[in-house]
Every structure is written in structure tokens, then in C-alpha cells.
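Engineer: need coordinates for the below:
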Amino acid sequence: MKMTHLAAAVAATLSVAGPVTAQELFFPTLAYRTGPYAPGGIPFADGYADYFTLLNQRDGGIGGVPIRLEECETAYNTERGVECYQSLRDQNPLVLQPLSTGITYQLIPRASEDGIPILSSGYGRTSAMDGNVFRWVFNFPANYWDGASIIVNYLLDQNGGSLEGKKITLLYHNSAYGREPIRTLETLAERYGFEFTTIAVDHPGQEQGSQWLQIRRERPDYVLMWGWGVMNSVAIQEAANIRFPMDHFIGIWWSGSEQDVLPAGEAANGYLALNFAGIGTDYPLYEEMQRLVVEPGLCAGACDQIGTVPYSRGVYAAMLAAEAARNAQRIHGVAEITPAMMRDGLESLVITDERLAELGLPGFSPSFEVSCTNHGGSGQARVQQWDATAQRWVPVSDWISSDRELITQLALEDSAAYAAENNIQPQCN
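Structural biologist: The predicted structure follows:
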């Protein structure tokens, strides 16, 4: 089967495994190369596919079994995402990465009933970190509530340990994704004594004049952003228009890509965002990528996004899936694993600094361990800052931990309610 790339199609199929063999490892992708969020979706999908292409070219797949990667186009639309799931479920997908909080919420009960793991790294339902209830769902290495806590911890450090009397505003995408951190930030506001307000931006986010007039009027000390796609770049430009200080404007990891800041030019200089994966191409893995994927012309896209934030996050998502598959092969002593075996590989995954170095990605992400009760990893990220002159992101913090005691407490409350509503019995002994 030839590699195909139908970027304009509603449903696109991308195979990186070559001819279909009796044995294969199937990794479907719920991608969005079309629609208003395509500028972020395309490089993510490219990084995801290119990493698996590298494994096929270099290693013959995982454990000697070729990888088949098939894309289903969602356009970041929840209904289409569910349709994609229905079209893929009978092909024994090893893991689904929906790349959308709305789609993830819809697929959790379906995939759990069908026995198909979901990996929603850095998005989706936060309380899925409780593996005692969400047996088939994983969201390591960090979730949105972690992100909210990490930002507050960073601001505490920047303000001598106190946020008493500060004003913090959340500018959020008016969706399940954007609303996800509100409860955590309300709790943290009570704990640390800052005034917390929220401002919603409707899809897709091109009109924000009234929101930024409100920010100008209320003059918060910090603005946090849970945005995606064009909402991010418009917000950064609007912040520049009212001369809001960029180093007091902090986005979640989905609001910190090159596509978000470049449209604003020099005005975006100093803008901050979280990230839980590496950026740039200064990793040995990318040397192999150049030799085995780029030079032979096997890129999933135009080969022009390598090293950008969304591309690198796609590489990271693929790496986590591949490592979980390798772990499942080791646990069960077979190369051609099933979705149930893959779940076991995800639930006992250990990502160490040493393993990252072996993979050619030293320091690329936090180390973490997964367990039956903890499907959420370490809950760490770092702050990066945009250097408009050099046109690159620069890390300005080490890995920062969230308040995991608080996050776990909130997650357990939410997951307990979900378990009661759905008659789910605890899974961990």
C-alpha cells in the first residue's frame, strides 16, 4: 500500500507500514488536517506518523512487527471523531489518541466497553488519571488540572511565595477543553488569596475585541489562556494592542506553538506557555529522522515543521505509544499484541531519563511511572518563553510539579461520582 496524504479530504488514510503483512501493529490516528484548527493538527499528525515511519525503516516496526498507521479526519469535530471510532474499532486498534477533549469524553464509555485503550496526553478528562475507575484511559504525563497548578506554582515563585491580592483572569476556549481548569483555579484562588475571574471565547476565536476591552478595564495582574488554533494568535495580538505585558500572559501547552506567536511578530516577544515535551531539533533522534525519513522523501507532510512544538508533541505521543507496545510485548512474551495487552503495557509504563537518552531524546520530557491507580504520570511541565528575535521558544524553568495531593483529591471526587453514575467497581486491588 502506498503512502497517501489527502490533506483536503474528510477521511484520509496514511499507511507507513508498506505492504500489509499477516502480522502488524495497528495505530490509528484521529487527526485534523482540515478545519479551523488544522494549523496545529497538521504538524502534530506529521510528527506522529514520521516517528512510526522511522521505527518501520530502522527497526522493522516494534519488536520486529511492522506498524500500520491509518488516519481518520475529524476536523476537530466531536461527531466526526465518534464516526472515526466506529469505522476503526473492529480493526483491533492498539490505542486511540483522540487529540480532542470533546472527542475523548465521548469515546471513554465506548472504548472502555470495547476494550480499546485511550491515551490522551495533556488533554481529555482529567479524572481519568484515576485508573481505579478509568481502567482503559490514560492521560500521562500531565493533565489540565496539573497545568493550572503548575502555572500557579510558577507565579508563586515569581512573586516571592505569595499571590495574596493579585488578580488572575482565565481566557478560555468556550468548550469542554477550555472549561476544564476552572474548578482547580477556583480552589487555588481560595487557598492562595488571589482574585480569579473567567472570560470565555467562542469557537473558533477570531472575535475577541470585547474580551480584551474587559481585560483592559479590569487590569488583571496575569492572564492565563486555555486556547487552541486561531484563538491563540488573535489573543496574543489583542494583548499586544492593549500593551498587556507578555511575560504576564501564560498559556497552557496547547497555547504555546510557533503558529500562535509568529503572526504577532515582535509584539509576541516574552509570551509564556507550558510544555511537557522537548522543542527544537537538537536531539540525536532527529539526525536519524533526517537520514531515514526526510532524505528518502517519506515525511507525512512537507518536512517543514520538524522541531516545532506541535510536531515534537506528535513525536512524543508516538514515542509513548511505541514504548507502551514494547512494554506489552515484554510482559506477555509475544510480538503481535492485542489491545488488552497494550493496556497492560500502558499501565506499567516507566519512562526514565536513561530510556529517553537511549531513544535519542535526552531531557525531552519528565520521567514518570504509571500504575493501576495512577494513569496520569508525574504531573510536571516547564515554562517556555517566546524569543521573537531568534524566533524560537526558550525554556525559562526546570520541570515544575503540580500540587499532586490537591489534584488527586479533586480527581478522586470526580471519578467517584462517575463510578457511581455508571455502576463501575474499583479495578485495583
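
Engineer: so, low pLDDT: which residues of the stretch 301-429 of the chain?
Structural biologist: Within the stretch 301-429 of the chain, no range satisfies pLDDT under 70.

Engineer: ok, now with 90
Structural biologist: Within the stretch 301-429 of the chain, the ranges that satisfy pLDDT under 90 run 426-427, 429.

Engineer: now do the strands in it.
Structural biologist: 350-351, 368-369, 380-387, 392-395, 400-401 (DSSP state E, counting those that start in this stretch).

Engineer: wasn't P39 part of a helix?
Structural biologist: Yes. Assigned with DSSP: H, G, I helix; E, B strand; the rest coil, P39 falls within a helix.

Engineer: just give the nearest non-adjacent residue to it, would you?
Structural biologist: Distance criterion Cβ to Cβ, 6 or more residues apart in numbering; nearest residue to P39, sequence neighbours excluded, is Q259 at 4.7 Å. Where you see a C-beta, it was placed from the backbone N, CA and C, and this is true even at glycine.

Engineer: alpha carbons of the host helix or strand of that neighbour, as CSV, please.
Structural biologist: Q259 belongs to helix 258-261 when elements are defined using DSSP states H and E. The C-alpha trace of helix 258-261 is given here as CSV (Å, rounded to 0.1, in the frame of the first residue of the first chain):
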residue,chain,number,x,y,z
GLU,A,258,5.1,28.7,16.8
GLN,A,259,1.8,29.1,14.9
ASP,A,260,0.4,31.0,17.9
VAL,A,261,3.1,33.7,18.2
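
Engineer: residues touching the residue nearest to D398 when sequence neighbours are not counted, list them.
Structural biologist: Excluding the flanking residues, the one nearest D398 by Cβ to Cβ, 6+ apart is R382, at 6.3 Å. Residues counted as contacts of R382 (Cβ atoms under 8 Å, 6 or more residues apart in numbering) are 274-276, 395-400.

Engineer: gap between stretch 159-171 and the chain center?
Structural biologist: Counting by Cα atoms, centre = their mean, to the nearest Å, stretch 159-171 is centred 26 Å from the centre of its parent chain.

Engineer: again but with stretch 243-253, I slipped
Structural biologist: Distance, centroid of stretch 243-253 to centroid of chain: 20 Å (Cα atoms, centre = their mean).

Engineer: next: stretch 380-387.
Structural biologist: Taking Cα atoms, centre = their mean, one finds the center of stretch 380-387 at 15 Å from the center of the full chain.

Engineer: quick one: buried residues of it?
Structural biologist: 380-386 (16 or more other Cβ atoms under 10 Å).

Engineer: re earlier: and of the strands of the stretch 301-429 of the chain, who's closest to S415?
Structural biologist: Of all these, it is strand 368-369 that lies closest to S415, at 19.4 Å by Cβ to Cβ.

Engineer: in terms of secondary structure, what does that closest one contact?
Structural biologist: If contacts are counted by 3 or more Cβ pairs under 8 Å, 6 or more residues apart in numbering; DSSP states H and E, strand 368-369 sits against strand 350-351.

Engineer: circling back to that earlier point, bridged to the residue nearest to D398, which residues?
Structural biologist: The partner list for R382 in beta bridges (DSSP bridges) reads N275.

Engineer: how near is it to D146?
Structural biologist: Per Cβ to Cβ, to the nearest Å, R382 is found 12 Å from D146.

Engineer: what about L54, neighbour count?
Structural biologist: For L54, the count of nearby residues is 24 (other Cβ atoms under 10 Å).

Engineer: many thanks, I have nothing further to ask.
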